[in-house]
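# Would you be able to build a 3D model of this:
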Amino acid sequence: MAKKKQSKRKKSTPKKVPKKVSTLKKPAPCSPATKATKDAAMSHDHAQDSNENEPARPNPFSDKARFQELVMKVRLPIIIARTMDTFSDAEQQRIIDEGLTSFSIIDIWARIKGVSQERAVVEMAYENNFITEPDVRRWLRILGEEVTGGAALPRPEWDRKTGELRLGGTIIKRVRRLKVASNVTIILGVFQDVEWSSYIDDPLPPSKRKLEQTSVQRLQDAIKSLNKNLEMIRFRSTNRGRGIAWEHV
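Numbering: from 1, shown residues only. The predicted model follows:
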């Protein structure tokens, strides 16, 4: 019996499908600066989306927080001592007579100067060079206080070359013999260097002569010379003759 020949089946080969060539252009690579900008924008958008359901956080740089910083500064022990020295003799006697020695420095300033506690903080911060004159106006407007007042008064300006002391552009004193009046020019120069802080320690150097008058007497004589023919401000001794202060009159 003849064997049937097995027919060999041909293996079908899959037809190759031609690849479609995309007509879209590849985006140009971003520069590092552009990529950083896009990432920042995406993170900002994500932060906005995530913060929509979160409660608003307090701003540490708000006016309230900055005002509290001023309160803390004027309550520093060294600032309290310096501020107490700025009071005149009559004001210091009032502090004793009215029993204010146990009060806070803010309360004392407010009672003696006749201002609110908020304004007292601003005035003390200005007197101790924590804020500038434009800052004073800004704070007074924020606090609803009158902008005009003692805290916003101009500070003197000493010109070493011409020997002129000015206040708001007005010459209030001339020192003609600059070399002879050395103690006066030293005091004015120190006040100018510290931007006319309300109080400085005795800046006069100790005398090398044994028979020279004491430092307290020298400072008192210098203050008398300063106040001679002086307008709009006055100098006075403080801290038991070991310092000097100035004030508007």
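# Quick one: residues contacting the nearest residue to residue 171 once chain neighbours are set aside.
Distances taken as CB to CB, 6 or more residues apart in numbering place residue 164 nearest to residue 171, at 5.2 Å, with adjacent residues excluded. Where you see a C-beta, it was placed from the backbone N, CA and C, and this is true even at glycine. Going by CB atoms under 8 Å, 6 or more residues apart in numbering, residue 164 touches 158, 171, 173-175.
# same deal with residue 224?
Residue 224 neighbours (CB under 8 Å, 6+ apart): none.
# Also residue 159?
So residue 159 contacts 165-166 (CB under 8 Å, 6+ apart).
# Which residues does it form beta bridges with?
Counting by DSSP bridges, residue 159 is bridged to residue 164.
# pLDDT value on it, please?
We have a pLDDT of 92 for residue 159.
# likewise the one 4 residues further on?
The pLDDT attached to residue 163 in the predicted structure is 91.
# Return the residues in contact with it.
Residue 163 makes contacts with 174-176, 178, 185, as judged by CB under 8 Å, 6+ apart.
# got it, and residue 117?
106-107, 110.
# From the contacts of residue 164, list the buried ones, please.
158, 173, 175 (16 or more other CB atoms under 10 Å).
# okay but the last one is in contact with residue 165, surely?
Read that as residue 175. Yes. Contact criterion CB atoms under 8 Å: residue 175 and residue 165 qualify, at 7.4 Å.
# list residues touching both of those two?
With CB under 8 Å, 6+ apart as the test, residue 175 and residue 165 both reach residue 188.
# Among the contacts of residue 164, which lie within strands?
158, 171, 173-174 (DSSP state E).
# Tell me the one of these nearest residue 245?
Nearest to residue 245 out of the ones in strands among the contacts of residue 164 is residue 158 (CB to CB; 15.8 Å).
# unless I'm mixing things up, that closest one is touching residue 186, no?
No. Between residue 158 and residue 186 there is no contact, the gap being 11.0 Å when judged by CB under 8 Å.
# tell me the domain boundaries of this structure?
Here the domain parsing of the chain from automatic domain parsing is 63-152, 156-248.
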